[in-house]
Every structure is written in structure tokens, then in C-alpha cells.
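[1] Below are the sequence and a predicted model; questions follow.
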Amino acid sequence: MERKWRIGAVSYLNTRPLLFGLEQSGLMPQIELVKDYPAKIAQDLMDGTIDMGLVPVAVIPLLKEAYLVSNYCIGAEREVASVCIFSQVPMEQIKKVYLDYQSRTSVQLARILLQQFWNKEVEFVKAEEGYINQIAGSTAGVIIGDRALAARSQFAFIYDLAGAWVQHTGKPFVFATWIANKPIPNAFMEAFDKANAFGLTHLNEVIAAIPTSEQVYDLHTYYTQNISYVFTPEKKEGLNLFLESL
């Protein structure tokens, strides 16, 4: 019996086009798909309980072996909308920042930008479940993913981390990409990338399959203007710059 590849993927709206393509492809009999939040998928990859995952790029230095196996990623060439610092006061008044427990990469990006781009010294607080309700006064918070899209109407000030990175460096940002902890056969990866591409060329079907209760933001805008899915040479440059900053 042919082995199944254990693949982890983030369970956010931003991955739906890629997962739609996988689920519509003929690859599913070869795959065990695990869905969770980014930091958990990253931990699974480090622990070896999955072979490949769409994981936050900050995990790369922590892996004994890291193979960037795909031509697709979760990136941004301008504002990403779903990874931001949210606050009720302007940046100059922020004193404390909650760090979202769901992602390593976004937390590291926030630390880098607060220091290098906004020139801010703040107290960082490791967030726990329910921390969004504690964002008030001079206390801000990093929120990522679907919760960030839902939070956009709740806060007076939104500082988009991808937009700030592009301003700061002139490079796109890569939040997550398909990373394996072992070599993956070329034939499988070619089929895998074709499946990723399929979802991106069928966005209307992707959006139609998402319950309207989950559509807290214009998903066509999100998938075509905020998220940039192709892992271009420019994105690789931005990724290398970020990894050098860790």
C-alpha cells in the first residue's frame, strides 16, 4: 500500500483556496490532512507528527531539516488585512502589546517592526484565550487570521504588519509556506502544486463554499488583493530578510 503523506494546514480563511484545490484533486487518497492554528501545525512539523505543513516561516530555524517544497505560500505585497496590531489609541500612546498565541511569525514580525519601524519600546504580554477583550486604553494587541478580519470594525487604530514591512524593507512578506521536514518526491509535489493552483483559479467556487456567517470581510478582495499566493523570487528575498532579523 502506498504511504499517505501527513500534511498540516492552517484552518483560516486565507488557506481556503489552497485547500479547495487539494480537496478537488485526485491527491486526497495519498494525504492525511490535519487542520489547526499556525503555531500548532508548526509544532507538529517540529515533532515529526506531520511530513509537511503550511506553517509560519519563523519555524524554519527550529527544524533539523527544512525543505521549502512548493511554489505557493501565504504572502503579501501590500496590506494583508488579517495580521495587524489593533489599538484604541494611536501608536505613540501604546505602552503594552498582547502577542497572539496562534502564530510565531506574526509575533516576531510585530517585535521587529515595533523596534525598527515604529521605534517603540513596549511591554510585550503573552496572550491567552480571550485577550482581545483586554485590548483597551494604552494596551494594544496583535491579532491574526479570521479573528483579525472580524476585529477590523471594533478598533479605532489598525496597524497592518505586512503593509508596515513593505514600507520598511521594500520587500513582500511571507507569513507561511509549505515546508517539509524530509525530502518529498518531485512527482507528488508537481501534483500538489497543480492542486494549489486549481483553487486559485476557481475563487468564485471557493468563496461560494464558505458559509456567509464566516465571511466577515470581502473575500474576493482578500484573496486577490490582500493575500499573494505565488512564492516569487521577491518573496524569497523578503523571507530571507525576515529570517536574518530573527
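    Received the coordinates, thanks.

[2] any low-confidence regions in this protein?
    1-2 (pLDDT under 70).

[3] The residue most central in space within the chain: helix or strand, and which one exactly?
    Geometric centre of the chain, nearest residue: Phe175, 4.3 Å, by Cα atoms, centre = their mean. Element membership for Phe175 (DSSP states H and E) is strand 173-180.

[4] Show me what that strand is packed up against.
    If contacts are counted by 3 or more Cβ pairs under 8 Å, 6 or more residues apart in numbering; DSSP states H and E, strand 173-180 sits against strand 52-56, strand 67-76, helix 104-116, helix 161-169, helix 233-245. C-beta coordinates here come from the backbone N, C-alpha and C atoms, glycine included.

[5] Keeping just the C-alphas, turn it into PDB.
    Extracted in PDB, the C-alpha atoms of strand 173-180 (Å, rounded to 0.1, in the frame of the first residue of the first chain):
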ATOM      1  CA  PHE A 173       6.300  39.400   3.300                       C
ATOM      2  CA  VAL A 174       5.800  35.600   3.600                       C
ATOM      3  CA  PHE A 175       3.800  34.500   6.600                       C
ATOM      4  CA  ALA A 176       3.700  30.800   5.800                       C
ATOM      5  CA  THR A 177       4.700  28.400   3.100                       C
ATOM      6  CA  TRP A 178       4.600  24.700   2.500                       C
ATOM      7  CA  ILE A 179       7.600  23.300   4.500                       C
ATOM      8  CA  ALA A 180       8.600  19.700   4.700                       C
END
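
[6] tilt between it and helix 161-169?
    On the basis of axes from the mean of the first three to the mean of the last three Cα atoms, to 10 degrees, strand 173-180 is oriented at 110 degrees to helix 161-169.

[7] longest helix of this protein?
    Looking across the chain with DSSP state H, the single longest helix is helix 186-200.

[8] C-alpha coordinates for that helix, PDB please?
    What follows is helix 186-200, C-alpha atoms only, in PDB (Å, rounded to 0.1, in the frame of the first residue of the first chain):
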ATOM      1  CA  ASN A 186       9.000  15.500  -7.200                       C
ATOM      2  CA  ALA A 187       6.100  13.800  -8.800                       C
ATOM      3  CA  PHE A 188       3.900  14.300  -5.700                       C
ATOM      4  CA  MET A 189       4.900  17.900  -5.300                       C
ATOM      5  CA  GLU A 190       4.100  18.700  -9.000                       C
ATOM      6  CA  ALA A 191       0.600  17.300  -8.500                       C
ATOM      7  CA  PHE A 192       0.400  19.100  -5.200                       C
ATOM      8  CA  ASP A 193       1.300  22.500  -6.700                       C
ATOM      9  CA  LYS A 194      -1.200  21.900  -9.600                       C
ATOM     10  CA  ALA A 195      -3.900  21.300  -6.900                       C
ATOM     11  CA  ASN A 196      -2.900  24.600  -5.100                       C
ATOM     12  CA  ALA A 197      -3.100  26.400  -8.500                       C
ATOM     13  CA  PHE A 198      -6.600  25.000  -9.200                       C
ATOM     14  CA  GLY A 199      -8.000  26.600  -6.100                       C
ATOM     15  CA  LEU A 200      -6.600  30.000  -7.000                       C
END
